[in-house]
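1. What shape does this take:
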Amino acid sequence: MATLFQWSPAAERRTLPFTADQQRRLAHWNHDRLAPQFPTADWRDDLEREYDMRRTEVAFLEALRAEIADEAATVPTDVEGFIAWFEALQDNGPGQGDPLFPWIAEQASLDEIKWFLEQEAAGEAGFDDLVAYTQVKIPEQAKLELARNYWDEMGRGNPKGMHGPMLHYLVEALGLTPTIERTAAESLALANAMTAMATNRRYAWHSIGALGAIELTAPGRSAATAAGLRRLEQTPKVRRYFDLHATLDVKHSEEWNREALRPLVAEDPARATAMAEGALIRLTAGARCFARYRAELWGDAAEVAAPQAEPVARRTLSIVTARS
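-> Presented below is the predicted three-dimensional model:
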């Protein structure tokens, strides 16, 4: 029987601009520098490390920008043209429609899903913190939208509704042990890129585009993961993080595009190019992750069957909506 996808790890995996060792160094540095701390006597050594790592971080981001600069330069900078281009990323952006997610929804074993989730958890940069860093000093209307988004991430003041602890519960319930050393370099690179854009003010507009791309494209992937967990009879509490993002992020994306992207581009069209770069950096990093995950989970098979159906962003979302 012919398969829908013809796949070869050697042909499809893209080369990271920085080595796995460099990604681990960046990941450890981000973990250390963003944690609450006390003053120390060796602050001069800390500043030396900070300078070295910031040079590495910016070089990494500039390498990622160079990869997508030509495409980003063609993106419209008028409001309507930019929004149309941005929303189309849901269907034609890097990594969209990847065969990994129908497979997760309908075929992956529990051990395979656990491996996938461990990679995703270890590479999770924390959407709430990224939004909080990004909103500093941005214009009022966009700032209010990011504040509303952050408040949703915080469960609107209810600890049981906070999104981060939902993910932590899933990790604990499934017995996952995510660590930097055991995480694929591609997953670390994604988190490192998102953290770099959010915490470095020269990439603030990039971060807004990258975060918007997450809201735009996450529902289909979340729905597929939730469907896989449901198929394997995991409890609603275990699935809750993905069930929630399969539906809530649809609304978040619409509001982000209307209340943040539109006014920012209307005020300064140059921001459109920066936000396009950020979105493409995020989606390209995600596509690298998916290719690496398939290489690990599917091995060296020349062909891997995947369910033939409508695009994952619509099909798996309908699965969750129908069963929720």
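2. Quick test: name the residue nearest the centre of this structure.
-> I214 (5.4 Å; C-alpha atoms, centre = their mean).
3. By average pLDDT, which secondary structure element in the protein comes out worst?
-> helix 312-323 (a mean of 36; mean pLDDT, DSSP states H and E).
4. Just read off the phi/psi values of the residue nearest to the centre of the chain.
-> The phi/psi pair for I214 (degrees, to the nearest 10) reads phi -60, psi -50.
5. again with T19
-> Main-chain dihedrals, T19, degrees, to the nearest 10: phi -70, psi 170.
6. Contacts only, for it.
-> A185 (C-beta atoms under 8 Å, 6 or more residues apart in numbering). Just so you know, the C-beta spots here come from the backbone N, C-alpha and C atoms, and that holds for glycine as well.
7. so what pLDDT did the residue of the chain most remote from its centre get?
-> What lies farthest from the middle of the chain is A41; by C-alpha atoms, centre = their mean that is 36.8 Å. Confidence at A41, expressed as pLDDT, is 95.
8. measure it to T74 for me?
-> 52 Å (C-beta to C-beta, to the nearest Å).
9. Same question for Y51.
-> 36 Å.
10. how about N257, what does it touch?
-> N257 neighbours (C-beta under 8 Å, 6+ apart): 83, 86-87, 212, 216.
11. picking that back up, my reading is that the residue farthest from the centre of the chain lies in a helix. Confirm?
-> No - read with DSSP: H, G, I helix; E, B strand; the rest coil, A41 is coil and lies in no helix.
12. could you measure it against L34, distance?
-> The value you get for A41 to L34, if C-beta to C-beta is used, is 21 Å.
13. ditto for E50
-> Distance from E50 to L34, by C-beta to C-beta: 12 Å.
14. Please apply the same query to L16.
-> Taking C-beta to C-beta, one finds L16 at 22 Å from L34.
15. for G93, same thing?
-> The separation that G93 has from L34, given C-beta to C-beta, amounts to 28 Å.
16. Mind pulling up the pLDDT for T3?
-> The model's pLDDT for T3 equals 28.
17. Tell me which stretches of the stretch 1-150 of the chain form helices.
-> 9-12, 20-34, 43-73, 79-92, 100-106, 110-122, 127-134, 140-153 (DSSP state H, counting those that start in this stretch).
18. Low-confidence ranges, this protein, go.
-> Along the chain, the parts satisfying pLDDT under 70 run over 1-15, 300-324.
19. If we use 50, what do you get?
-> Counting by pLDDT under 50, the chain shows low-confidence ranges at 1-13, 301-324.
20. D78 reaches P269, doesn't it?
-> Yes - using C-beta atoms under 8 Å, D78 is in contact with P269, at 6.7 Å.
21. The residue lying closest to Q23 once chain neighbours are set aside: neighbour count?
-> In this structure, Q23 finds its nearest non-sequential neighbour in L188, 4.1 Å apart by C-beta to C-beta, 6 or more residues apart in numbering. Neighbour count of L188, defined by other C-beta atoms under 10 Å: 27.
22. How about the contacts made by R33?
-> 50, 53.
23. Go again with 10 Å.
-> Counting by C-beta atoms under 10 Å, 6 or more residues apart in numbering, R33 makes contact with 46, 49-50, 53-54, 195, 199.
24. What of H163?
-> Neighbours of H163 in contact, by C-beta under 10 Å, 6+ apart: 126-128, 152-155, 240-241, 244-245, 248.
25. Which two among the residues you listed are spaced furthest apart?
-> G126 and R240 (17.6 Å; C-beta to C-beta).
26. What residues does the closest residue to A189 other than its chain neighbours make contact with?
-> Among residues not flanking A189 along the chain, Q23 sits closest, at 5.1 Å (C-beta to C-beta, 6+ apart). Listed by C-beta under 10 Å, 6+ apart, the contact set of Q23 reads 16-17, 60, 123, 180, 183-193.
27. Recalculate using a threshold of 8 Å.
-> 16, 185, 188-189, 192.
28. So which of these is the closest to P263?
-> Nearest to P263 among these, with distances taken as C-beta to C-beta, is N192, at 29.3 Å.
29. now the angle between helix 127-134 and the helix or strand containing that closest one, please.
-> Per DSSP states H and E: N192 is located in helix 185-199. When axes from the mean of the first three to the mean of the last three C-alpha atoms, to 10 degrees is applied, the directions of helix 185-199 and helix 127-134 differ by 40 degrees.
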